[in-house]
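Engineer: predicted model and sequence below, questions to follow.
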Amino acid sequence: MPGSDARPLLHSQIAIVTGGSSGIGAGVARALGAAGAKVVVNYHSEAGPANEVVADIEKAGSEAIAVQADVSKAADVQRLFAATIEKFGTVHILVSNSGIQKDAAFLDMTLEDWQRVIDVNLTGQFLCVQAAAREFVKRGVQPEISKAAGKIICMSSVHEIIPWAGHVNYAASKGGVMLLMKSVAQELAPKKIRINSIGPGAIATPINLEARDTPAEEKDLLKLIPYGRIGEAADIGKVAVWLASDESDYVTGTTLFADGGMLLYPGFVGNG
């Protein structure tokens, strides 16, 4: 057992969490802060929830700030990273989490709703990952901080693999995130930059509230989860801390699914 003076896993590291004001992003931001990181909580429009997450991180003993930015806009992403570097000096960890849904049947989906989801969920990840990687390459490895020059975690979904009728724009964006992550990981590994994804299943957040709004709806959802419970944002936070730490230093270019077994295709129990 480590002694009481053991440093937290992410001691002295600076993390940006996009979409960090609610849901999975807030859970990840709090977990990174509890693990010793100084956290930049990005939000799109409402400062109040972001400031609440900042306050929680500060109460737990770390530092945090909230920064507004629309990750689909290059100028906003540049401003987000500039504000982080001005405050904390550099960045060691990016959790590219921002994501939205605009659901419709494929035949009824508008180009506007297709484009907005792709802009935020995929182009936003491209812009943030590129900005982080450029900072990591510029700074290089700080061995007293981490074995890697930088760690990037893309928030994907089980729907990078599972097709999702009625959510074509969302599923396409997550499939794109998967190959964005893998291709960037292949390119940047020699520069000691690690990039991985987390693939959540059903997590209790506002984005999937309708799917679990009544006991009957929740029961139907649980049929898809062999482990028998809906996940919490804190479950994803724990995975993010591990992927951001030197404990996972030999892990790059992979999606770690935290889904209670959704990808086990429970509909095939008993031969389908």
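Structural biologist: Arrived safely. Computed from a predicted structure; not experimentally measured.

Engineer: pLDDT of the longest strand anywhere in the chain, averaged?
Structural biologist: Counting residues, the longest strand found in the chain (DSSP state E) is strand 193-200. With pLDDT averaged residue by residue, strand 193-200 scores 98.

Engineer: now swap in stretch 81-100 and tell me
Structural biologist: 98.

Engineer: starting at the chain centroid, how far to the worst-scoring helix or strand of the chain on mean pLDDT?
Structural biologist: Using mean pLDDT, DSSP states H and E, the weakest-scoring helix or strand in the chain turns out to be helix 215-222, at a mean of 89. With CA atoms, centre = their mean, to the nearest Å as the basis, helix 215-222 stands 26 Å off its chain's centre.

Engineer: now the element after it, going C-ward?
Structural biologist: helix 233-244 (DSSP states H and E).

Engineer: would you mark the buried spots in that next one?
Structural biologist: 233, 235-244 (16 or more other CB atoms under 10 Å). C-beta: built from backbone N, CA, C; applies to glycine.

Engineer: nearest to residue 137, out of the residues you listed: which one, please.
Structural biologist: Of all the buried residues of helix 233-244, residue 137 sits closest to residue 244, with 18.2 Å by CB to CB.

Engineer: so who does the closest one touch?
Structural biologist: 9-10, 13, 15, 32, 35, 37, 93, 95, 151, 153 (CB atoms under 8 Å, 6 or more residues apart in numbering).

Engineer: now do the phi/psi pair for residue 40.
Structural biologist: With angles defined as degrees, to the nearest 10, residue 40 sits at phi -100, psi 120.

Engineer: find the nearest non-adjacent residue to residue 15, please.
Structural biologist: residue 93 (3.8 Å; CB to CB, 6 or more residues apart in numbering).
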